[in-house]
Each structure stands twice: as structure tokens, then as C-alpha cells.
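Q: A structural model of the following input is requested.
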Amino acid sequence: MKVAIVHDYLFQFGGGEKVVESWLRMYPQAELWTSFFVESKFTDSAPIQQAYRTNRLKTTWLQFWFGSYKIGNTVPNGWLNKYTKHFFWLYPLVMFSLTLKNYDLVIISSTYPAKYVRLKNCRKIVHYCHSPTRFLHGLVTEVDHQTIPLVYRLLLPFFKLVLKYFDLYAVKKLNQQGTIWITNSKNTQALVQQVYQTSSQVIYPPVQIEHFLALPKRTNYRDPYYYYFGRISFHKRLDLAIQACLELGRKLFITGASAYPLEMKKLQEIVTEFEKKHPEKTGLIKFLGRSSDQERDELLSGCRALLFPGKEDFGIAPIEALASGTPVIAYQAGGALEYIEHNKNGIFFQEQTVASLKSAILLFESQTQWDEKLIRQSAQNFSEAKFQQQFSRITQF
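A: Okay, here's the model as predicted:
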């Protein structure tokens, strides 16, 4: 089969990119199309690196602006790489100018511009929707646009009006071509029906749970700490976890990176300002940057619990934590409702406030016994093998 995978952009490594990895393992000769690719962010991704080295990774003219390109033995980033969020209005136009022809199977992976790609003479089209486009349909938090200039924020209502029209137009065109819609959770399925009036099937994202099931869990907490790992962005509300741990005097280790330096700066300022007022509580929060898989595994094995304060469409990191035997303290909304069971494999907090999260942490600490076996079992339904099996049934001719 001639297969194309279309993904929004490849400039940070998160859950959506892990789904792309799984497809590349299923279809090792597939071409991977994306608006731009930052090679340095995917050094740990063998499937994406393989596609890149064998020239199966195709980009648009945005690559020179935002992506990375080879000059001799160096691979510098594009000259506007730091401003990827500022040009949110440009991505749909670029993807709309891209036409894919004569593929047996096209897999579109999107939250935003990938769905705009034009398709001609393609036998089967599958759209794996991670979420409707957040900022166009009222699915953002109040802090999501803090990293764009004030003038852009003032113009945002105009941008949204125009881009929302084209977003709905792209959905209409996909549906006219008989596209099969798949969503990553029941939560996203409901949003897609609400926003796009489109039915979908749920296939949970792939998690390599075998790796995490094999991790030992240390429960002798001589120096207890909580943990957060994964992509860092405003809607994940890491600010709540930081503030709650500071006020409770609990340690929090954070691994992961943000594509937007201003996001990290604002989180670090929370710590700095608190420590100025409370010098006796310094060193509680540690930003450890991007971690290797080995470093992440070591921190996950030794932590008390994973903190998951955002409202996610699904959330792969909590599944990885559960498979490792680690309880999860999560906001009671979104995808977390589909795998967290209160007082069994984790604790819910009901409001996205520091006070609510603090109460949840204290409730968690009052539970002296957690059933590690039960926690690990709760992740069993989210394996990569199950994902690929379900996906193959839909894509077969």
C-alpha cells in the first residue's frame, strides 16, 4: 500500500507524536507529511528519525522559517523558530496549499492544520482527531494566549472568526470524501460531535505499557517528592501543581520542555517570587529540563504520585505512570475520567484551583496503602498492540 501520514507540525514531542510513531511502526514505508520539523526535538524517536533519514519526511516551505535544515555538519533551526506560536494564522493556509495524490491510505493526525490538506484520488482517508481546534471553539484556558503579543491578542476575535469558518470548511470537505473519523477518547468524541457535528469511533492512543509494567516501584520514601513529566504548556496548568507544592512544602520534580520560552519563564517566576517571601522553603521545585527515558523512569519509580492538573483530551503520561505502579492526582475532567478511579488508582480534585489541588494532595497522603497491582492493572487496556489491532481493522480494504 502507498500510505501517507499527515501531522500538524513536529516541533515538540508529546502524545500526538507518539501516535505518529506507532503508525510509522505499522507502515514502515509510509511518507510523513507535516508543515515543519525540528530535528533536535526528536533525537529519541527512532521511527521519526528513520523517516527523516530516508527522505520520507516531507515538509512545506515553512521548514526554512521554523524547522531545521542541514548546513554542512550542523542542523540549525529556522530563523523564526522562536515565534512558532505567533504565526498560528499561517499554518492552515500552508497546509491548504498542499495536495496529496494517489495514495491508498491517508492518515490525518490533527488538532489544527493537518485537516486542511487537499486530497486527490486517495482510496481511504482516516482522520485521527486528538481534539477540535482549541482556540477556535472555546476550548482554551484563560492563560493560553499569554505567549503571543498584545496586538495579536487584540486581533484574536477577528482571526478566530475567519479561521473558524475555514476550520469548519475543512471538516466539511473531509466528510464529503467519506473520511473515517477516529477520536482518542470518549471525551474528544463528544467534543467532535458537539463542535463538528461529526460521528467518530474511539481508539485510545498507544502506550508502550510493557516497558512501564516492568519498572520497579520504590515505596520507601526517605526523601518524598511528586513528579510531573511531559510537554509543558499553559493549558496543562503546571502552575497549579507548583503553587500547591510550594504552599504545602512538598517537593516537585519537573521534566519536560516547552516550545515557548515565555511559558517556562512564567513558571520559574512563580518559584522565585515564593522563595523571596519564604526563604525557608527554597529548593522544593526542580526544573530538570528534557530527560532521557532512563532519567524519566528513575524519577517515576521513586515518586509518591504523578501530578496531572490540566484538562486533557486524553493524556498518555498518566497511563505510563499507572503502568509503573504510580498513583495519579488529577483534575476531575477530560480524558482522566476514563482511566482514573478515585481512591483506587489515584485521587481527583474537583476545581482547577490551588486550594482544591492542595486538598487532593493531603487526601492522597492520608491514604497509607495503595494497591500497586491494581494500579498497574488499570493501564492494561491502553497498549500499543491493542491500538494497532483496532486501527488495522478500520484501515483494511
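Q: now do stretch 216-231: everything it contacts.
A: Residues outside stretch 216-231 that contact it (CB atoms under 8 Å, 6 or more residues apart in numbering): 12-15, 236, 238, 241, 245, 250-258, 291, 296, 299-308, 316-317, 321, 324-326, 329, 361, 372. Using the backbone N, CA and C atoms, a C-beta is placed for each residue, glycine as well.
Q: in the stretch 201-350 of the chain, which spans are helices?
A: Using DSSP state H, counting those that start in this stretch, the helices assigned to the stretch 201-350 of the chain run over residues 209-213, 238-248, 261-277, 293-302, 316-323.
Q: of those, flag the one that's most buried.
A: Among the helices of the stretch 201-350 of the chain, ranked by average contacts under mean count of other CB atoms under 10 Å, first place goes to helix 316-323 (a mean of 26).
Q: wait, what's in contact with residue 253?
A: With contact set as CB under 8 Å, 6+ apart, residue 253 has these partners: 225, 226, 227, 228, 286, 288, 299, 303.
Q: if we use 7 Å, what do you get?
A: Counting by CB atoms under 7 Å, 6 or more residues apart in numbering, residue 253 makes contact with 225, 227, 286, 288, 299.
Q: mind listing the helices for the stretch 1-150 of the chain?
A: Under DSSP H, counting those that start in this stretch, the stretch 1-150 of the chain gives helices at 15-26, 46-53, 62-66, 91-96, 150-176.
Q: contacts only, for the nearest residue to residue 166 once chain neighbours are set aside.
A: Nearest-residue entry for residue 166: residue 92, 5.8 Å, with adjacent residues in sequence omitted and distances by CB to CB, 6 or more residues apart in numbering. If you count contacts by CB under 7 Å, 6+ apart, residue 92 has them with 113, 116, 163, 166.
Q: that older thread, deepest-packed of the helices of the stretch 1-150 of the chain, please.
A: Most buried among the helices of the stretch 1-150 of the chain, counting by mean count of other CB under 10 Å: helix 15-26, with a mean of 21.
Q: helices or strands up against that one?
A: Helices and strands touching helix 15-26, as assessed by 3 or more CB pairs under 7 Å, 6 or more residues apart in numbering; DSSP states H and E, comprise strand 3-7, helix 46-53, strand 105-110, helix 384-395.
Q: relative to helix 316-323, how tilted is that helix?
A: Here the directions of helix 15-26 and helix 316-323 differ by 70 degrees (axes from the mean of the first three to the mean of the last three CA atoms, to 10 degrees).
Q: looking at helix 15-26 now, give me its mean pLDDT.
A: For helix 15-26, the per-residue pLDDT values average out at 95.
Q: check stretch 156-164 too.
A: pLDDT averaged over stretch 156-164 gives 86.
Q: what separates it from the chain centre, distance-wise?
A: Centroid separation for stretch 156-164 versus its chain: 24 Å, with CA atoms, centre = their mean, to the nearest Å.
Q: next one: stretch 275-291
A: Remark: stretch 275-291 is offset 25 Å from the chain centroid, using CA atoms, centre = their mean.
Q: in that stretch, what's buried?
A: 275, 281, 284, 285, 287, 291 (16 or more other CB atoms under 10 Å).
Q: please report how far residue 316 lies from residue 22.
A: 11 Å (CB to CB, to the nearest Å).
Q: what's the answer for residue 40, then?
A: For residue 40 relative to residue 22 (CB to CB), the value is 22 Å.
Q: same deal with residue 86?
A: 31 Å.
Q: follow-up on the earlier one: got the contacts of residue 92 as TSV, with distance to residue 183 columns?
A: Listed next are the contacts of residue 92 as TSV, based on distance: CB to CB, whole Å:
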residue	distance to residue 183
113	18
116	19
163	21
166	21
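Q: among these, which one sits closest to residue 187?
A: residue 113 (22.1 Å; CB to CB).
Q: how close does that closest one sit to residue 378?
A: Residue 113 is 35 Å from residue 378, where distance means CB to CB.
Q: who has more neighbours out of the two?
A: residue 113 (28 against 20; other CB atoms under 10 Å).
Q: what sits against that one?
A: Contacts for residue 113 (CB under 7 Å, 6+ apart) come out as 8, 35, 91, 92, 95.
Q: just checking, residue 59 touches residue 39?
A: No - counting by CB atoms under 7 Å, residue 39 is not a contact partner of residue 59; they are 10.8 Å apart.
Q: the more surrounded of these two?
A: With neighbours defined as other CB under 10 Å, residue 59 and residue 39 compare such that residue 59 has more, 22 against 18.
Q: now do the contacts for residue 159.
A: Contacts for residue 159 (CB under 7 Å, 6+ apart) come out as residue 89.
Q: what does residue 179 give?
A: So residue 179 contacts 125, 126, 127 (CB under 7 Å, 6+ apart).
Q: low pLDDT regions in this protein?
A: Where the chain drops to pLDDT under 70, the residues are 69-76, 78-79, 139-153, 220, 259-260.
Q: so residue 238 versus residue 156, what's the distance?
A: 23 Å.
Q: what do you get for residue 63?
A: Taking CB to CB, one finds residue 63 at 26 Å from residue 156.
Q: and what of residue 348?
A: Looking at residue 348 against residue 156, where the rule is CB to CB, the gap reads 32 Å.
Q: could you do residue 369 as well?
A: Distance of residue 369 to residue 156, given as CB to CB: 49 Å.
Q: domain parsing for the chain?
A: In terms of domains, the chain is parsed into 3-206+383-395, 209-378 (source: automatic domain parsing).
Q: burial of residue 216, as a residue count?
A: Neighbours around residue 216, by other CB under 10 Å: 10.
Q: from residue 317, how far off is it?
A: As for residue 216, its distance to residue 317 is 19 Å (criterion: CB to CB).
Q: before we move on, what about residue 298?
A: Counting by CB to CB - residue 298 and residue 317 are separated by 16 Å.
Q: and for residue 256?
A: To residue 317, residue 256 is 9 Å away according to CB to CB.
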